[in-house]
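1. Requesting a structural model of the entry that follows:
(one chain, ligands or ions: 1)
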Amino acid sequence: MKVVETAAELSRLRGKMTGPVGFVPTMGYLHEGHLVLVRQARAENALVAVSIFVNPTQFGPKEDFKQYPRDPERDLALLEGEGTDVVFMPPVEEIYPPGFDSWVEVGRLGRKLEGASRPGHFRGVATVVARLFELVRPDRAYFGQKDAQQLIVIRQMVADLDMNLEVVAVPTVREADGLAMSSRNTYLNPEERKQAAVLYQALTLAQRLYGEGERDAETIRRQMTVLIQRQPSADIDYISIADAETLEELDVVKPLALVSMAVKIGKTRLIDNIVLG
Ligand code: AMP
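-> Sure, this is the predicted structure:
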């Protein structure tokens, strides 16, 4: 496994690679959710590249960029165990050198849901992913369904800018009680960790109501809200039932609608989603 920190070194290595390259961009502090992406990339490509980069431009000024958990040594051991070929771990100046001044602006999709709560977030995401794609030049890139809107935004960018690669979506990996795995789960204290299971419970409730024939989106949102508000540490940012392509809110629920939410548990903001089936 080669570990590289500079764009120049990565480009040099890439020049020598033959066969399809699968790429998994991450912010590190890896868990099983990340490793499932790496495993799928490993199964489908001759070579696997993983990036570990906590991207400052996708964090708001009051967000957790500085506190974001980091453990590069452990990450590298895990990636080695999965048969990763190349790990790209650049310092910030390698991605954003002094004078860097070009951005990938995300339109309508980037202003909804997460983008409404976190202005500029998807501009940061799209810019870093475009930059990483240009350096890694993958044949396939793997993204988790956990960050459903990110996946939609990246697919749109790849189509709009004719980026020559396939975007592969990987299902969300969950803890035993349904909590979606996330590096940010480490912020939760034991009591909050218990209460955090309510996100998935609310998604399961939405699926059950839909399965029983409920089609009024507002009724489902309301019942989810009531369930979540029973947890004393929970503070809802948004609950959405939206078209999975346009992210427009629905009045009448339809198949494959995206049910998504952001909920603060104490000080920790968690997101999760399911697609109704
Ligand atoms: P992050 O390090 O949080 O930026 O995540 C890197 C990639 O891993 C993104 O494509 C995420 O959607 C994906 N990911 C994170 N958590 C999970 C999970 N629990 N299940 C599946 N994919 C995940």
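
2. Would you mind listing what in the stretch 151-277 of the chain touches the ligand?
-> Proximity of the stretch 151-277 of the chain to the ligand is confined to 170, 172-173, 180-183 under the rule CB under 6 Å from any ligand atom. Every residue, glycine included, has its C-beta placed from N, CA and C.

3. which of those residues count as buried?
-> When neighbours are counted using 16 or more other CB atoms under 10 Å, those contain these buried positions: 170, 172-173, 180-183.

4. which one of the residues you listed is nearest residue 252?
-> Sorting these by distance to residue 252 puts residue 172 at the head of the list, at 25.6 Å, by CB to CB.

5. quick one, what contacts that closest one?
-> Applying CB atoms under 8 Å, 6 or more residues apart in numbering, we find residue 172 in contact with 33, 144-146, 180-181, 272-273.

6. before we move on, what about residue 173?
-> The contact partners of residue 173, by CB under 8 Å, 6+ apart, come to 31-33, 36, 144, 146, 180-181.

7. From these, list the buried ones, please.
-> Using 16+ other CB under 10 Å, the buried ones in the contacts of residue 173 are 31, 33, 36, 144, 146, 180-181.

8. farthest pair in these?
-> Distance extremes for those: the farthest pair is 36 and 180 at 12.1 Å, using CB to CB.

9. Run through the stretch 51-200 of the chain and note the low-pLDDT ranges.
-> Low-confidence regions of the stretch 51-200 of the chain, defined by pLDDT under 70, are absent; no residue qualifies.

10. Can you show me the strands along it?
-> Across the stretch 51-200 of the chain, reading from the start of the chain, the strands by DSSP state E, counting those that start in this stretch fall at 86-88, 140-144, 166-170.

11. Adding distance to residue 16, write the ones you listed out as CSV.
-> Output for the strands of the stretch 51-200 of the chain, formatted as CSV (distance: least, CB to CB, whole Å):
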stretch, distance to residue 16
strand 86-88, 11
strand 140-144, 19
strand 166-170, 22
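
12. Looking at those, which is nearest to residue 222?
-> With CB to CB as the measure, strand 140-144 is the member of those nearest residue 222 (28.5 Å).

13. Is there any residue in the closest one that contacts the ligand?
-> Yes - when contact is scored as CB under 6 Å from any ligand atom, part of strand 140-144 falls within range of the ligand: 143-144.

14. That strand pairs with which strands, parallel or anti?
-> Using DSSP bridges, strand 140-144 pairs in its sheet with strand 21-26 (parallel), strand 166-170 (parallel).

15. picking up where we left off before, okay, and which of the contacts of residue 172 map to helices?
-> Using DSSP state H, the members of the contacts of residue 172 that fall in helices are residue 33.

16. Do you have the helices of the stretch 1-150 of the chain handy? List them.
-> Across the stretch 1-150 of the chain, reading from the start of the chain, the helices by DSSP state H, counting those that start in this stretch fall at 7-15, 32-44, 72-81, 92-95, 114-117, 121-136, 148-160.

17. got the buried residues for the longest one?
-> Going back to what we said before, that points to helix 121-136. For helix 121-136, using 16+ other CB under 10 Å, the buried residues are 121-133, 135-136.

18. Which of these sits closest to residue 51?
-> Nearest to residue 51 among the buried residues of helix 121-136: residue 132, at 5.5 Å, using CB to CB.

19. hang on, the closest one packs against residue 51?
-> Yes - shown here, residue 132 and residue 51 form a contact pair, counting by CB atoms under 8 Å, at 5.5 Å.

20. any residues in contact with both of these two?
-> Contact criterion CB under 8 Å, 6+ apart; residues bridging residue 132 and residue 51 by contacting each: 23, 25, 88.

21. would you list those residues in JSON lines and tack on neighbour count?
-> Shown next, in JSON lines, are the shared contacts of residue 132 and residue 51 (neighbours: other CB atoms under 10 Å):
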{"residue": "23", "neighbour count": "27"}
{"residue": "25", "neighbour count": "23"}
{"residue": "88", "neighbour count": "26"}
